[in-house]
Structures are given as structure tokens and as C-alpha cells.
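Engineer: Provided below for reference: sequence and predicted model.
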Number of protein chains: 12
Amino acid sequence: MSDHVYKLIEIVGSSPKSTDDAIHNAVAKAGQSVRNLRWFEVTDTRGHLEDGKVAHFQVTLKIGFTLDD
Amino acid sequence: MSDHVYKLIEIVGSSPKSTDDAIHNAVAKAGQSVRNLRWFEVTDTRGHLEDGKVAHFQVTLKIGFTLDD
Amino acid sequence: MSDHVYKLIEIVGSSPKSTDDAIHNAVAKAGQSVRNLRWFEVTDTRGHLEDGKVAHFQVTLKIGFTLDD
Amino acid sequence: MSDHVYKLIEIVGSSPKSTDDAIHNAVAKAGQSVRNLRWFEVTDTRGHLEDGKVAHFQVTLKIGFTLDD
Amino acid sequence: MSDHVYKLIEIVGSSPKSTDDAIHNAVAKAGQSVRNLRWFEVTDTRGHLEDGKVAHFQVTLKIGFTLDD
Amino acid sequence: MSDHVYKLIEIVGSSPKSTDDAIHNAVAKAGQSVRNLRWFEVTDTRGHLEDGKVAHFQVTLKIGFTLDD
Amino acid sequence: MSDHVYKLIEIVGSSPKSTDDAIHNAVAKAGQSVRNLRWFEVTDTRGHLEDGKVAHFQVTLKIGFTLDD
Amino acid sequence: MSDHVYKLIEIVGSSPKSTDDAIHNAVAKAGQSVRNLRWFEVTDTRGHLEDGKVAHFQVTLKIGFTLDD
Amino acid sequence: MSDHVYKLIEIVGSSPKSTDDAIHNAVAKAGQSVRNLRWFEVTDTRGHLEDGKVAHFQVTLKIGFTLDD
Amino acid sequence: MSDHVYKLIEIVGSSPKSTDDAIHNAVAKAGQSVRNLRWFEVTDTRGHLEDGKVAHFQVTLKIGFTLDD
Amino acid sequence: MSDHVYKLIEIVGSSPKSTDDAIHNAVAKAGQSVRNLRWFEVTDTRGHLEDGKVAHFQVTLKIGFTLDD
Amino acid sequence: MSDHVYKLIEIVGSSPKSTDDAIHNAVAKAGQSVRNLRWFEVTDTRGHLEDGKVAHFQVTLKIGFTLDD
């Protein structure tokens, strides 16, 4: 029970709306192929600029999930 | 006057709503026991995931306050 | 065409509303004097505290733009 | 022969006993699904505390394995 | 419930026996004055040498505990 | 369209010829199992030495590819 | 005897004179409320500028002191 | 004579050929608008991938030049 | 008023006398071409050695100034 | 007496048993050629894997010793 | 056999031709006074500029070699 | 001439007077056994505290010197 093993994958989510929305998009996509998501850590926040404005935010996450189920 | 001394404490705020709200919660809690809060610096942004969604954001802040009043 | 050269400048945007709004303010200001903005990277997130609350968020960005147009 | 390509995966092992045991658990789990494990690098050492004691250690590893067999 | 706030303190534990024992000593000491310890993160591992041997290990931890109980 | 999600994998390429060739080898290998490779970032440059010479260069890359096709 | 436990606090000292004087001011202030100060580590050196000159230096220190007396 | 002041600018050079060529391109571009270039430091090495190959390398440099001529 | 935007430039000051003097020289030089200097952060401290002695100290600063006047 | 000068050397110890044992081996080896060892700092923890198990741990240390005796 | 101890030395190689050639030069020089060189890690890539061009590349390496032969 | 090779050694200087004096002491000591010292880089600034005051400053330097004379 206390010997869980987790795997970390690194995902970049993007959103034209907000940094938080980019996080939600990354998590939603990861959840399509991996079950038992447990936590995330933001490792980078970037974005693309077009016409002098933020076209979309890009947030890189490490996402941890349980391997032992 | 120019010889102020500040102390930094490290606080983790959480919120189911947003990273900014997690910052507000951390600052509000720190303000209950410390006066003269001056600035904060974000040192880590994480979150817990449940059912494939962000259950709450967790933002770690260093908060500086004046020691010499 | 594949030999573009970019310059990075470092800008701190601030906003009493949100970290994302501070990013928008930094980009808008940069766009007043530089054309061809391409991307940004967040390098620091801070803020000033007054009366135990966030008075304004301060987000430091590196902003990349094309030099060769 | 000298053109090997390796992949790195990031795994968190845990153990109530020791940090070394958490490393062994992470490696054992990785070995169940990947062959040709070659080396590991510790990137983070953490743990959970319960009743004022270490409930379990959590060690994050990058594990490298050969891709070209 | 999901808006918990945590504080991080930084403690250096030492032990002539092992790095793990230095962690246990740091946690035990922290538990004497703070309740609700939740997690730790190792930030530095050092040691003193005497007569060409390890006299004691010194492990620096950040220890997180709940503020809102 | 602006809500793309990317995954990052970490690959070590090696080459007896040059650091650039080690990058090419890592990318070529990744391209055998993943489509839609978009960018890479070098995170480490190392090498093995034999008989006082560079036997092969080893370059670690994070490689990003689109998840949403 | 070899099982000492230390606590680290983070203090910002300032001085209009010099970086070393800012260190002395931080240590003097810490010594007013904590006994058994043992060592410090500089983690940041900054300063405020007014009229094109250094108005005061600000040096951030981690200060370690013995907990077990 | 020993009181020189230098400025650092951050430039990203790209090249379809090699990382070294990307450095040469960044320096050449900087030299068109700044005289007295003295040194560079590589801060990031990246690249764009197309059709499973390196389309171009992108190397970020800090370039130092003398201000006091 | 709370939406100020700042720019950061990176300057290396040198001095045969002291690290603090190198900081003063960098700030003085920056003040010749930029108004509204607000703060600095030291990012590197180096020096040149001649005849087994410090010929001059070199301190790298990021200097922030207001863009919105 | 308070003007001691120390030198730091970087040593990698290995052991099939434990990370602590790898530290002991590194210190023992350093002590064969250098007297007056004072302290160590762990800078990297790695290991080699064979047959899906830890073949040996490799711990990199900086070891400080007094130069002025 | 599995208890090897290695030493790391830090060398800066330079070359007017390429970054790889600077690595080769550093390794060749190290090999003149140290036997049993095993691996290198690049820790810094810099260069000197003259007349708006790269006069020479400077690559800093940590070089590991076996101590126990 | 442009293919110089340099070695970096890491030295900790101490002084009861100032951080700059600790640098001078480290350089002076290094100069007793190594010729052709070229530059230094500060990697750490610490100090020992006694009776609530700075007993001595400790500054860690990497010192580069020419190997090829």
C-alpha cells in the first residue's frame, strides 16, 4: 500500500484563453489515454504571439499517475 | 529608513478555482499572523488530479514582510 | 528562409487583476516599439502586497521577435 | 555499435523503509514493462509524513534504457 | 476543504549513521514544535569529515505542514 | 486549432562523429515510432572516452510531438 | 552530540553602504530574536536604484541556527 | 581602462546545417547593428523538426559588447 | 498606476577596487542612456587575474527601469 | 586562523550496496591522497542497472579540505 | 570491481574551428597528464568574438577518470 | 595560439573582514601553487556566525588557469 510506484509524463497544453485553461487542456488530453492521474507540476509557461497579442498560452506540465493498479 | 530588514516565509496556497486564487488564499492566510506583508515570489505551481481533472491548484510562494516595525 | 535570427528582450508586466493580465500588459507594451513579436517565456512571477492583499501581480517575460524583416 | 539510442522515463518509487529501497522499487517496476534498463539518475527525494514520522520515502528517478535492440 | 494552506520550514538533520537517519532526526525535531506535518523534500545532502571518515551526515529538508487546523 | 496538446519524450542519441550527428540519430530513432515530431531541446551533452579520445558523443534531447491528430 | 538539528530562516538585509553591510544588518536583526546562529548562505543580491544611483543594497541570506539547546 | 562596462543582448540564431552555423548566423546578425562584440555564451539549443528530420537548429546566445567606446 | 511595465537590461560592470564598485560603475553607465532606473539583481560575479592577483572584478547585473513614462 | 583556504575536489564513489556506502567509498579513496578532509556535498546520485536491478550506486561528491596546513 | 572511484576535473578547451573541436582539444590535453579517462559532460559553451566573428569557441567539460588503477 | 586549454579549480577563501577580502585570500593561495591564473567565478557566498556576528566570510571561487605553457 505504501510502496506505490508512479510514472511522470511531460505534456504541453495550449489555450487561447488563459494559462489555467492550458493546464486543463493538458490534463484532459492525458486523461484520455492514462487512468489514475494523481498530480501535476508546471515546468514551463510560454506562448505564441501574433499581431502583437497572445495567440495562445502554452504550459508544460509533468503529470504523475499510479503504475501499480 | 534605508536599512529595513525583511523575513521571507514559504507558504503553499491551494484552490479548486485557479492558480491566482491559490495565491490569494496563501496571502490571506499569511496575513492572519503576520503584519506588514510586502511582496511574494512564486516558487512552484502544482496541483492534485482526481477523476482526470484538476481537483485543486497548489502554488508555493515566498512572502516577504518587514521585521523592523 | 530557415536562417531567421530572433532577439529576446526581458519585460516585466504588472496588473492588479491577474497573472494572465500582467502577461497581456507586458506584450501590449512591447508591441508599441517592436514589430514581429513571435513568442514569450515566463521567467518569474511575483507581486506586491498592500494591506494583506495582492496589490498587483508582476510577471517577467522574455519576448522573442524576428530581426531579419 | 557506437550509435545506440536510449530513452529516458521518469519514475517515482516509494518505500516505508529507506530511500535506497524506494529506488529499488522504482527500478523493479520499470523492469516489468521495459527491457534493457541501463542507468538511473535521482532527480528528487521527498516523503510523506504521518503522526510526526516518515510514512514513506518517495524518490524520483530518470531511468535510461536502450531503444535499438 | 480543498483550500488548505501549508507552511514550509527548512530544517537540517544530522546523524553519524546514515542519510536516512538524518532525515528521521530532522522530522522528529520538527514534530516537537509543529503538529500536522505532511511532507518533506530533500534540498541538500552534506556531511562533516573527521580523520578521513564521515563524522556525520547532514540532510537539509523542507517540511510542509497544514496551517488551517 | 490553437488548443493543440503536445507530449515531450526524452531521448539520448549517440554518434562517434559529432554532437550534431548524435542529435540527428536521436531524432531519426524517435521518428520510427512517433509521427508529428515538432521540436527538440538539448538538455545534456556528454560523451564516452576511450584511449584518451572521444569514442562517441551522447546528446540528450527532449522531443515534442503533437498528440491531437 | 553529533545529532544536532538546525533550522534555516531566510532574511533580507539592506544597507545604503555596501553588500557586506547589508549582510551584517540581516545577521544583527536575526540575532535579536534567535540565539545560537551558526552560519549564513547568500541566496540573492539585489538593490534599489534612485536618481541613477544605488539607494540601497538588498542581500538575501539563509541563516542557520541550532535547535537543540 | 580596467573599468570597462559591457552590455549583454540575447539572440537566437538558426541554421538548417549545424549548431555551430546557427551561432555564426546569430553573431553575424548582431554585428550588423552593434560594434565591439566581445564574447558569447550559449544559453539554449533547440530545433524545429519537419518530416521526422531537423529542419533547422536554433541556438540562443548571450552576446557581450563594450559600451564605453 | 498599478499597471507599470518595466524592461530589464543586462550589464557587466568592472572595477579594480571591489565588487560593490563594479556594481556602481554598471549602474552609472546604464544611467547615461536610460532614465527611471528602479532596481538591479546580481546574476554573476567574476574577475580577471593578472600576476596572481585580482586585476578587476566583473559583476553582471540585470537592471530594471520603467517603460511607461 | 580565520583566514583558512579550502580546496574542493569532485569524486564519484560507487557501491553495489547503498548510496551511503558509495559516499563512504568516495571519502575513503580521497583520504588516501589528501589530508585534512573537512566536509562533502552530494551533487549527483546515479547508478548502473543490469538484469533489471541496481548493479551499483554512483554518488558524486564535492569534498573540501584545508589547504593551509 | 563494482566499487570503482572516479575523479572529475573541469577543463576548458578552445578552437577556432568548431565546438566539437574544442571538446577534442580539451580531451587531448587532459589525456597528456591523466590516464584512464572515462567520460565527459559539457557544462558551458562560450566563445570570443573579434571583428564581428567567432575568433574561437570555448567549451567547458567535466572529465571523469578512474582513480583506482 | 587560439587553441589554449584551461583548467578550473574550486577554492574557498575566508576572511573576517569582507567578501572581497575572502576572494583575495583564495586567489593568493591558489597563486602559490599554480602559475598563469586567468579568471575566477564566484559560485557560493557563505559565512560562519559567532556571538550573533559574522566571524568570517567564506567565498567559493572557480579559478581558471592556462594549461598549455
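Structural biologist: Yep, it's here. Since we're looking at a predicted model, the values are computed, not measured.
Engineer: Spell out the residue ranges of the strands in chain A.
Structural biologist: Listed in chain order, the strands found in chain A under DSSP state E are A:5-15, A:37-50, A:53-66.
Engineer: Save these as CSV, and put in mean neighbour count and mean pLDDT too.
Structural biologist: In this view, the C-beta of every residue, glycine as well, is placed from N, C-alpha and C. Converted to CSV, the strands of chain A look like this (neighbours: other C-beta atoms under 10 Å in any protein chain shown; pLDDT from 0 to 100):
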stretch, mean neighbour count, mean pLDDT
strand A:5-15, 22, 98
strand A:37-50, 19, 98
strand A:53-66, 21, 98
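Engineer: Let me have those in TSV, adding distance to chain E as columns.
Structural biologist: Shown next, in TSV, are the strands of chain A (distance: least, C-beta to the nearest C-beta, whole Å):
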stretch	distance to chain E
strand A:5-15	14
strand A:37-50	12
strand A:53-66	14
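Engineer: And for whichever residue of chain A sits closest to chain I, nearest residue in space, chain neighbours not counted?
Structural biologist: Nearest residue of chain A to chain I, counting by C-beta to the nearest C-beta: residue A:52, 13.9 Å away. Counting by C-beta to C-beta, 6 or more residues apart in numbering or on different chains, the nearest residue to residue A:52 once its immediate chain neighbours are dropped is residue C:31, at 3.2 Å.
Engineer: Might you report the residue contacts of that neighbour?
Structural biologist: A:52-53, C:37 (C-beta atoms under 8 Å, 6 or more residues apart in numbering or on different chains).
Engineer: now it: how far from residue A:48?
Structural biologist: Residue C:31 is 14 Å from residue A:48, where distance means C-beta to C-beta, to the nearest Å.
Engineer: how many neighbours does residue A:26 have?
Structural biologist: When neighbours are defined as other C-beta atoms under 10 Å in any protein chain shown, residue A:26 has 28 of them.
Engineer: Report the contact partners of the nearest residue to residue A:47 once chain neighbours are set aside.
Structural biologist: Computed as C-beta to C-beta, 6+ apart, the closest residue to residue A:47 that is not its neighbour in sequence is residue A:57, at 4.6 Å. With contacts defined as C-beta under 8 Å, 6+ apart, residue A:57 is in contact with A:14-19, A:21-22, A:45-47, C:20, C:23.
Engineer: how about a cut-off of 10 Å?
Structural biologist: A:13-23, A:25, A:45-48, C:20, C:23, C:40, C:42, F:2 (C-beta atoms under 10 Å, 6 or more residues apart in numbering or on different chains).
Engineer: go on, residue A:10?
Structural biologist: Counting by C-beta under 10 Å, 6+ apart, residue A:10 touches A:26, A:41, A:43-44, A:60-63, D:10, F:6-10, F:62, F:64.
Engineer: Recalculate using a threshold of 7 Å.
Structural biologist: Counting by C-beta atoms under 7 Å, 6 or more residues apart in numbering or on different chains, residue A:10 touches A:60, A:62, F:8.
Engineer: Verify the stated contact: the second one with residue A:43.
Structural biologist: Yes. Contact between residue A:62 and residue A:43 holds when scored by C-beta atoms under 7 Å: they sit 5.9 Å apart.
Engineer: Starting from chain H, give me the distance back to residue A:47.
Structural biologist: Computed as C-beta to the nearest C-beta, to the nearest Å, the residue A:47 to chain H distance reads 16 Å.
Engineer: Any idea what that residue is bridged to?
Structural biologist: Listed beta-bridge partners, residue A:47: residue A:57, residue C:40 (assigned using DSSP bridges).
Engineer: Near chain D, which residues of chain A? Just list them.
Structural biologist: A:2-8, A:64, A:67 (C-beta under 7 Å from any C-beta of the partner chain).
Engineer: Tell me the one of those nearest chain L?
Structural biologist: Distance from chain L was checked for each of the residues of chain A next to chain D by C-beta to the nearest C-beta. The minimum falls on residue A:8, at 29.8 Å.
Engineer: ok, the closest one to chain G distance?
Structural biologist: 28 Å.
Engineer: Now do the contacts for the nearest residue to residue A:38 once chain neighbours are set aside.
Structural biologist: In space, and not counting its chain neighbours, residue A:38 is closest to residue A:64: 4.9 Å by C-beta to C-beta, 6+ apart. Going by C-beta under 7 Å, 6+ apart, residue A:64 touches A:6, A:8, A:38-39, D:12.
Engineer: Recalculate using a threshold of 6 Å.
Structural biologist: A:6, A:8, A:38-39 (C-beta atoms under 6 Å, 6 or more residues apart in numbering or on different chains).
Engineer: for residue A:13, same thing?
Structural biologist: Residue A:13 touches A:22-23, A:25-26, A:59, F:5, counting by C-beta under 6 Å, 6+ apart.
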